[in-house]
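K.L.:
my questions concern the predicted model and sequence given below.
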Amino acid sequence: MSLTRTRATTFRRAASVVVVAAVGVSALTACGSSSDAAEDGGGLGTADKHVKITMMSNDAFAETWQEQLVPEFNKAYPYIDVTIDSTPYDSLLAKGMLNGTSPDPEYDLITLDDPWTPQLADAGVLLDLKDEAAATWTDDDYDWDDFNSAPLAASEWDGHQYGVPLRSNLLVMMYNKDLYSSAGVPEPTPELTWDEYMSQVPDLVQDTNGDGETDSWAAGLTWVRGVLSPPFWQAALNSNGGALFDDDMNPTFDTADGEAALQTQVDLLEYAPPGALTYNYNEPLDAFRQGKIATLFTWGSAFKSAAVDSSVTTLTPDQVGIQTMPAGSEGPSTHRGVWSGSVFKNSDNPEAAWTFLQWMSSKKGEKWASDNLGSFPARKSTLSSDPAEEWLKPVYTTIQSGFDVAADGEMWRPRSPQSNAIQEILANETSAAMQGKRSAADALARASAEIKELLED
């Protein structure tokens, strides 16, 4: 058995363990009968008899939602009791699959990371919110067309809508204006190209205090091996018109453009602080907060902690700029990251569950969450409104621009029931290039071969 086939088989088995178990449980579920509550939606409760719904959600924001968002929701719907269960990221997808195929489900709702919808939708465990959620369950003023297409598409699959965006995000370029000024480098604009940026980075490595020692470097991003390290080079590839796959899911990234994009990520290590190869999410963010790097490529939601929250950063909003990432031949680059909310098809109370999601993602609910919790919105109306905080204005402008860019270039992680296994392969091989174990060209060739074998079997 070849090395690529061994790895592909390993990934396939890992990804399918839960699915195999789920099929067996699903068969048991099919033999039983649905509850009357599930058939009629379960209602929205009364003063005498409340409806109870439970959501499994990423532990990064579950507690905040429970303590702050749910009480606000209950002002409008006092008879729906919502429990949000904090679930570690690494176990959320598998736990969701088991719940969705259980004859006795514990949860009515789940929050899904950007690439997960195809896997759960393909298993048949999610409610189609446009077709299967009865028209009487959807508010007349719930404006689907107001959503930006890029974040809404995160929970679409095979022509159906299985979720709605609750926390939207994008890869962006943050920069320290003071360090750019001291280096004599012009501040980034949406027209800045990757070639121009790479020509500037040597000047952004500086001795800012005049002691003869470098104390500030050019860039920080996620270099350590993980599912969130490939999006950087994917964004650069997309900006030059490249794509990970064609319409038939054949890999199309093993090209000169793909190699150049990955080489950009490798080359930036030369202009990063010592030890940057171990940078995950927090390490480059901490370095940026301390004024040690001039440009930070990270998720837009980090802006507050990078530029506003004085308890963790030395910088202020006046010192920090934000833009889409540098442009390629087809325009600026970015990468979508969206947490969507979905209703399990086996929920006993789908009407109340969908009502909760509707409120969270409605114009009013989204605006409240953006103003009070700092959640990035997905709706055009929210992004064009005046935010509660002045520092959010340039952020909203960049996010809206980023959504437009992401939609045009399809800048997101693989869309497939095998997305997790695909991303693991990409992470492994691109990480090997970062570590100097093989060239960018060899890494992408190996990744392409492994993914082909994975998808063929």
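P.N.:
Noted; the coordinates are in hand.

K.L.:
how about I293: what's its closest non-neighbour residue?
P.N.:
By the measure of Cβ to Cβ, 6 or more residues apart in numbering, the closest residue to I293 outside its immediate chain neighbours is G220, 4.3 Å from it. (Each C-beta comes from the backbone N, C-alpha and C, glycine too.)

K.L.:
and for the one you found, the neighbour number?
P.N.:
When neighbours are defined as other Cβ atoms under 10 Å, G220 has 26 of them.

K.L.:
against N148, how distant is the closest residue to F303 other than its chain neighbours?
P.N.:
If you skip the residues right next to it in sequence, F303 has V395 as its closest partner in space, 5.4 Å away by Cβ to Cβ, 6+ apart. Remark: distance between V395 and N148 (Cβ to Cβ, to the nearest Å) = 15 Å.

K.L.:
coming back round to it: surely the residue nearest to I293 and D286 touch.
P.N.:
No - between G220 and D286 there is no contact under Cβ atoms under 8 Å: 9.0 Å.

K.L.:
does S57 count as helix, strand or coil?
P.N.:
strand (DSSP: H, G, I helix; E, B strand; the rest coil).

K.L.:
please name the bridge partners of it.
P.N.:
Counting by DSSP bridges, S57 forms beta bridges with S86.

K.L.:
my guess is it contacts T87. True?
P.N.:
Yes - in this structure, S57 is within contact of T87 by Cβ under 8 Å, at 6.3 Å.

K.L.:
which of the two has more neighbours?
P.N.:
Neighbours per residue (other Cβ under 10 Å) separate S57 from T87, with S57 holding more: 26 against 20.

K.L.:
mind checking pLDDT for the more buried one?
P.N.:
In this model, S57 is scored at 97, pLDDT.

K.L.:
ok, now which ones touch it?
P.N.:
65, 84-87, 92, 110-111 (Cβ atoms under 8 Å, 6 or more residues apart in numbering).

K.L.:
next one: it from S347, what distance?
P.N.:
15 Å.

K.L.:
now swap in E270 and tell me
P.N.:
Remark: distance between E270 and S347 (Cβ to Cβ) = 52 Å.

K.L.:
and this protein, what are its domain boundaries?
P.N.:
The chain resolves into domains spanning 15-169+338-396, 170-336+412-456 when parsed by automatic domain parsing.

K.L.:
least reliable of these by average pLDDT, please.
P.N.:
Least confidently modelled of the domains of the chain is domain 15-169+338-396, at a mean of 90 by mean pLDDT.

K.L.:
what about E72, helix or strand, and which?
P.N.:
Using DSSP states H and E, the element containing E72 is helix 70-76.

K.L.:
which strands and helices lie in contact with that helix?
P.N.:
Helices and strands touching helix 70-76, by 3 or more Cβ pairs under 8 Å, 6 or more residues apart in numbering; DSSP states H and E, are strand 80-87, helix 350-361, helix 363-373.

K.L.:
F253 versus A327, what's the distance?
P.N.:
In this view, A327 and F253 are 19 Å apart by Cβ to Cβ.

K.L.:
ditto for Y180
P.N.:
To F253, Y180 is 32 Å away according to Cβ to Cβ.

K.L.:
these two: which is more packed in?
P.N.:
Taking other Cβ under 10 Å, Y180 and F253 do not tie; F253 has more neighbours (23 against 19).

K.L.:
what sits against that one?
P.N.:
F253 neighbours (Cβ under 8 Å, 6+ apart): 234, 237, 242-245, 444, 447-448.

K.L.:
please report phi then psi for it.
P.N.:
F253 adopts backbone torsions of phi -100, psi -10, taken as degrees, to the nearest 10.

K.L.:
for A260, see how far away it is.
P.N.:
Computed as Cβ to Cβ, the F253 to A260 distance reads 11 Å.

K.L.:
what do you get for L179?
P.N.:
For L179, the distance to A260 equals 26 Å [Cβ to Cβ].

K.L.:
then Q319?
P.N.:
Distance, Q319 to A260, by Cβ to Cβ: 32 Å.

K.L.:
what secondary structure does D104 sit in?
P.N.:
For D104, the assignment made with three-state DSSP gives coil.

K.L.:
against A135, how distant is it?
P.N.:
Per Cβ to Cβ, D104 is found 29 Å from A135.

K.L.:
show me which of these two is the more surrounded one.
P.N.:
Using other Cβ under 10 Å, the more surrounded residue of D104 and A135 is D104, with 11 against 7.

K.L.:
list the contacts of the residue nearest to D131 when sequence neighbours are not counted.
P.N.:
In space, and not counting its chain neighbours, D131 is closest to H160: 6.6 Å by Cβ to Cβ, 6+ apart. Counting by Cβ under 8 Å, 6+ apart, H160 touches 121, 128, 130-131.

K.L.:
save those as a markdown table, and put in neighbour count and secondary structure too.
P.N.:
Shown next, in a markdown table, are those (neighbours: other Cβ atoms under 10 Å; DSSP: H, G, I helix; E, B strand; the rest coil):
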| residue | neighbour count | secondary structure |
| --- | --- | --- |
| A121 | 23 | helix |
| D128 | 16 | coil |
| K130 | 14 | coil |
| D131 | 10 | coil |
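
K.L.:
out of these, who's nearest W368?
P.N.:
Top of the list for closeness to W368, among the contacts of H160 and by Cβ to Cβ, is K130 at 24.0 Å.

K.L.:
tell me how far the residue nearest to the closest one when sequence neighbours are not counted lies from L454.
P.N.:
The shortest distance from K130 to any residue other than its chain neighbours is 4.6 Å, reached at Q161 (Cβ to Cβ, 6+ apart). Going from Q161 to L454 by Cβ to Cβ gives 27 Å.

K.L.:
can you pull out the strands in the stretch 151-300 of the chain?
P.N.:
With DSSP state E, counting those that start in this stretch, the ranges of strands along the stretch 151-300 of the chain come out as 156-157, 160-161, 164-176, 217-220, 293-299.

K.L.:
quick one: contacts of the first one?
P.N.:
Contact partners of strand 156-157, identified using Cβ under 8 Å, 6+ apart, comprise 117-118, 121-122, 162, 415.
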